[in-house]
Structure formats: structure tokens, C-alpha cells
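**Student:** Provided below for reference: sequence and predicted model.
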Amino acid sequence: MDLFRFAMLAQDDFSGDAGAAAAGGIALVILLVELALFVLIIAGLWKIFTKAGKPGWAAIIPIYNLIVLLEIVGRPLWWIILMLIPCVNIVIGVIVYIDLAKSFGKDVAWGIGLLLLPFIFVPLLGFGDAKYVGPAAKS
């Protein structure tokens, strides 16, 4: 028997339980981190909606939260249809996040931060001292 075949057969003696357990543990940690970030973003959106005079619970309702967000930034509701079109939704997302930042008296850089690092900037906007100054798109 050659050395290569012996090495391959020697590796086959393990059942893989330890590797599966390690992968499961890593997957669980990743899931918990993602859940924590999701809760952080939802809490931040809840506060943003409340500051803008909208119901905070709207942050947890899919599609309706987009309607409320578009109302806050002053964009037309038919933009929801644009959000469903691939590639166009990226452009619309950039515009909406920049408008959201401007609606709270922040600059374009803050809007880019909302887009790229929402788990940091959304809670900062919601729990920070930023005041809602009105829909940015209508000014």
C-alpha cells in the first residue's frame, strides 16, 4: 500500500463528531451575534419612528415600516415598488438613508454611515440627541 492511500485511510477512522460540534458551536455564536444586531437595529428604528411622531411598533412590521420610513423622509409611497426591483433598490436605499439623516439634521456622511453600518448609526440616531426637523425630501 502506498503512503498516500494509507494517509487517506487513516483520516477516515474519525467519525467527525468533534468537527460537527465545533461547527455547530460557531454557528450558534454567529446566530446570537446576528440576533443581537437585529434587535439593536429594531430598537433604534423604534426610537427614530417615535422621534418623528410615528408609532414605534411600526418598526417591527414588514413593508409597513418602509411606508412609515418613506413618510418620515418625505418620499412618495410608490417608491416601495422601486425597492422591490433589484439594483434599483440599492440606489433607493442610499437616497432614503441620506434623506433620513437629513431629516434629523445630519449630513450626507451620516446617511452613508446609516447605509454601511446600520447596527451602529441607527441606534445612535434613535437614542442620540438628534431631533426630527421634518421630511428632508420636501424641503
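**Tutor:** Okay, I see it.
**Student:** how far away is Lys54 from Phe104?
**Tutor:** Applying CB to CB, to the nearest Å, the value for Lys54 to Phe104 is 13 Å. C-beta here means a position set from N, CA and C on the backbone, and glycine is covered the same way.
**Student:** same question, Ile42
**Tutor:** Distance, Ile42 to Phe104, by CB to CB: 18 Å.
**Student:** among the two, which residue is more densely surrounded?
**Tutor:** Between Ile42 and Phe104, Phe104 has the larger neighbour count (other CB atoms under 10 Å), namely 23 against 17.
**Student:** once you drop chain neighbours, what's closest to that one?
**Tutor:** Ala130 (4.2 Å; CB to CB, 6 or more residues apart in numbering).
**Student:** helix, strand or coil for that neighbour?
**Tutor:** Under DSSP: H, G, I helix; E, B strand; the rest coil, the three-state class of Ala130 is coil.
**Student:** give the contact list for it.
**Tutor:** Ala130 makes contact with 51, 104-106, according to CB atoms under 8 Å, 6 or more residues apart in numbering.
**Student:** let me see the backbone angles for it.
**Tutor:** phi -70, psi 140 (degrees, to the nearest 10).
**Student:** what does Ala136 give?
**Tutor:** Torsion angles at Ala136 (phi, psi; degrees, to the nearest 10) stand at phi -70, psi -30.
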